[in-house]
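S.K.: below are the sequence and a predicted model for it; my questions follow.
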Amino acid sequence: MKTCSLCGKQVEVDKYFSRKSVCPKCGGDLHICMNCRFFSERAHNKCSEPKADFQRTRDKANFCDYFSFAEREASSSDAAKSDAIKRLEDLFKK
């Protein structure tokens, strides 16, 4: 499932997806480095595609020709996070 990296909500991307596409939930740009399958915090220029041009901002729409929307599972990480918070709160209840 495709998820918006800015708000974590699932988004539906159709064949008309463009650089100007925005998330229906938060209104953030979708054609951004943080939503791309090549985005990597550990890679040089934070992109694992060696031919891609440097992008100054990772959270704003860009013209990268190598953009490919990443498939991420937001629900499982969100569930794990909320479960960990609940267990921590239960630990310190009196």
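M.R.: Nice, I can see it.
S.K.: ranges for the helices of this protein?
M.R.: 74-91 (DSSP state H).
S.K.: next, the buried residues of stretch 52-64.
M.R.: Buried positions in stretch 52-64, judged by neighbour count with 16 or more other CB atoms under 10 Å: 52, 55, 58, 61-62, 64. In short, each C-beta sits where N, CA and C put it, glycine included.
S.K.: and the residues you listed, which is closest to residue 87?
M.R.: Of all the buried residues of stretch 52-64, residue 58 has the smallest distance to residue 87: 32.3 Å, by CB to CB.
S.K.: surely that closest one meets residue 31?
M.R.: No: using CB atoms under 8 Å, residue 58 is not in contact with residue 31; the gap is 11.7 Å.
S.K.: tell me which two of the buried residues of stretch 52-64 sit farthest apart.
M.R.: Applying CB to CB across the buried residues of stretch 52-64, the maximum distance is between 52 and 61, 15.0 Å.
S.K.: quick one: stretch 57-70 to chain centroid distance?
M.R.: How far stretch 57-70 lies from its chain's middle: 11 Å, per CA atoms, centre = their mean, to the nearest Å.
S.K.: that stretch - what's its average pLDDT?
M.R.: Averaged across stretch 57-70, pLDDT comes to 93.
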